[in-house]
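[1] Below are the sequence and a predicted model for it; my questions follow.
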Amino acid sequence: MAIFQMRYRYLGKQKLKVSAVGYGCPTFQGKLSGADEKEYIDVVRRAVAPGVNFIDTADHNNGNNEELLARALKGIRSSVVLTSKFGNMRGQPWAEGRDVDGRPEYVPVACDASLRRLQTDYIDLYYLHRVDPRVPIEDTVGAMVRLVEQGKIRAIGLSEAGPGTIRRANAVHPITAVQSEYSLWTRDYEADTIPATRESGIGFVSYYALGRGFFAGALRGSSNLGPNDGRRKSPRFYPENLERNARLLNELHNIAGAKGCTLAQLSLAWILHQDENFVPIPGTRKIAHLEENLGAAEIVLTPNELAEIDKLFPRQGAAAGARYEYDRSGELNI
Ligand SMILES: NC(=O)c1ccc[n+]([C@@H]2O[C@H](COP(=O)([O-])OP(=O)(O)OC[C@H]3O[C@@H](n4cnc5c(N)ncnc54)[C@H](OP(=O)(O)O)[C@@H]3O)[C@@H](O)[C@H]2O)c1
């Protein structure tokens, strides 16, 4: 790995110290083979060794991802800011017919199960994964505050929450970070969510920072997607949309080439330049990609370069296709 000094950022009023580029653990359905598990563990440990301390996972997919992460963090758990999430019930065997669950009685149940799977006594930053429209946010966050008081979690986060929810939640207890999708082709939250985090001094964590591989140049057409690749379900990756979207990358490639960096580094550096409170959590299963992504924190973009990128990927309408199939159901940003 190139020698560089790891850079850190500080999230929320609590000033939670996290590496400027975090690591988003890839999500797996089911059990991994021995070789795949070893590869996963090697990447996590390779991330932590030079100082990547911000490690992101969630309890979905049957909790397998937390169990796997616990194995990867054996002996080094205390050197990371461990995050997890609850309440997104899609595909959970314990969902009981709910898509989201923010009921106060469910919060400690979910947390205890995550602690058990993560083999730890505390989670540094615990997110409500999806806001439950049937439960006042004050009640969900109130239950999370009790977890803070019990020492089971150290900080509270929200994922994909809208501005009104963020303000109400923050009135109950300081919210340390909001995690939402944010990248060059998903800038919608600049209109409302991001201003709400800024006004309250809340950190902003960007997931799908590489557009699920798109901004690493890994996907030029749908032929790159395997038959069971989950991205096939996202309208942006439908064949006709993906081809159109891929054409947008050519110019970005040129900017990266002139800058002497890769497309992935440029895309992550763009996020880092939006605000000192922004932290991307790109995911990868490959050590070479991890190392490449960490290099993004070294890149300084000029105002001209930022303006050029902004022109290519304006806040609205750059990408063809919605990000989720269920985008229109109103589940996100509530
Ligand atoms: N809060 C939420 O609701 C929510 C929802 C979804 C995801 N997330 C979190 O977001 C994090 C990241 O998500 P993600 O990994 O799916 O999306 P991502 O970071 O946008 O993209 C990851 C994809 O990019 C590829 N990639 C990464 N670096 C690369 C590089 N330098 N060159 C070429 N390809 C590269 C990876 O493939 P390789 O493995 O081949 O490198 C992988 O396919 C995870 O922690 C996840 O939990 C949160």
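    Yep, it's here. What you see is a predicted model; the values in this text were computed from it and never measured. Numbers count the residues shown, from 1 in each chain.
[2] Might you enumerate the residues of the stretch 151-300 of the chain proximal to the ligand?
    159-160, 179, 207-213, 216, 218, 264, 281-286, 289, 292-293 (CB under 6 Å from any ligand atom). C-betas here are computed from N, CA, C, even on glycine.
[3] what about the helices in the stretch 101-250 of the chain?
    Applying DSSP state H, counting those that start in this stretch to the stretch 101-250 of the chain gives helices spanning 106-118, 137-149, 163-172, 193-199, 239-259.
[4] list the buried ones in the last one?
    Using 16 or more other CB atoms under 10 Å as the test for burial, helix 239-259 gives 241-242, 245-246, 248-249, 252, 255-256, 259.
[5] again, but for the second one
    Taking 16+ other CB under 10 Å as the neighbour-count basis, helix 137-149 is seen to contain the buried residues 137, 139-141, 143-144, 147.
[6] for stretch 50-66, same thing?
    Residues 50, 52-66 are the ones in stretch 50-66 that count as buried (16+ other CB under 10 Å).
[7] Tell me the one among those nearest to the ligand.
    The ligand lies nearest to residue 56 out of those, by CB to the nearest ligand atom, at 4.0 Å.
[8] can you redo the buried residues of helix 137-149 as a markdown table with distance to the ligand and pLDDT?
    Putting these into a markdown table (distance: CB to the nearest ligand atom, whole Å; pLDDT from 0 to 100) gives the following:
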| residue | distance to the ligand | pLDDT |
| --- | --- | --- |
| 137 | 16 | 98 |
| 139 | 21 | 98 |
| 140 | 16 | 98 |
| 141 | 17 | 98 |
| 143 | 19 | 98 |
| 144 | 16 | 99 |
| 147 | 19 | 98 |
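[9] Most proximal residue of the stretch 151-300 of the chain with respect to the ligand?
    Here the residue of the stretch 151-300 of the chain nearest the ligand is residue 283; by CB to the nearest ligand atom that distance is 2.2 Å.
[10] show me what contacts that residue?
    Residues near residue 283 by CB atoms under 8 Å, 6 or more residues apart in numbering: 23-26, 210.
[11] same deal with residue 191?
    For residue 191, the contacting residues are residue 315, by CB under 8 Å, 6+ apart.
[12] confidence score at it?
    Listed pLDDT for residue 191 reads 95.
[13] where in the chain is pLDDT low?
    Scanning the chain with the threshold set as pLDDT under 70 gives 1-4, 326-331.
[14] now the strands: where do they sit in it?
    Taking DSSP state E as the criterion, the chain carries its strands at 8-11, 16-19, 23-24, 54-56, 81-86, 125-128, 156-159, 175-181, 203-207, 278-280.
[15] Where helices are concerned, which of the buried residues of stretch 50-66 count?
    Under the assignment DSSP state H, the buried residues of stretch 50-66 contribute 64-66 to helices.
[16] Put together CSV for the residues you listed, with distance to the ligand on each row.
    Shown next, in CSV, are those (distance: CB to the nearest ligand atom, whole Å):
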residue, distance to the ligand
64, 13
65, 8
66, 11
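[17] Please identify the one among these that lies nearest to residue 183.
    residue 65 (21.5 Å; CB to CB).
[18] my guess is residue 30 contacts residue 64, does it?
    Yes - contact criterion CB atoms under 8 Å: residue 30 and residue 64 qualify, at 6.9 Å.
[19] Going through the residues of the stretch 151-300 of the chain next to the ligand, which ones are buried?
    Using 16+ other CB under 10 Å as the burial test, these include 159-160, 179, 207-213, 216, 264, 281-284, 289, 292-293 as buried.
[20] hang on, the earlier thing: can you pick the most crowded of the contacts of residue 283?
    When neighbours are taken as other CB atoms under 10 Å, the top entry among these is residue 210 (28 neighbours).
[21] Would you mind writing the CA trace of stretch 268-288 as CSV?
    Presented in CSV, the C-alpha positions along stretch 268-288 are these (Å, rounded to 0.1, in the frame of the first residue of the first chain):
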residue,chain,number,x,y,z
LEU,A,268,-14.8,9.7,-3.8
ALA,A,269,-12.7,12.8,-3.7
TRP,A,270,-15.7,14.8,-5.1
ILE,A,271,-17.7,13.6,-2.1
LEU,A,272,-15.0,14.5,0.4
HIS,A,273,-14.9,18.0,-1.1
GLN,A,274,-18.6,18.7,-0.5
ASP,A,275,-18.2,19.2,3.2
GLU,A,276,-15.8,18.4,6.1
ASN,A,277,-18.6,16.5,7.7
PHE,A,278,-19.0,14.0,4.7
VAL,A,279,-17.6,10.5,4.9
PRO,A,280,-18.0,8.0,2.1
ILE,A,281,-18.0,4.2,3.0
PRO,A,282,-17.1,2.5,-0.3
GLY,A,283,-17.4,-1.3,-0.3
THR,A,284,-15.0,-3.7,-2.0
ARG,A,285,-14.0,-7.4,-1.7
LYS,A,286,-10.6,-6.7,-3.2
ILE,A,287,-7.5,-5.4,-1.4
ALA,A,288,-6.2,-3.6,-4.6
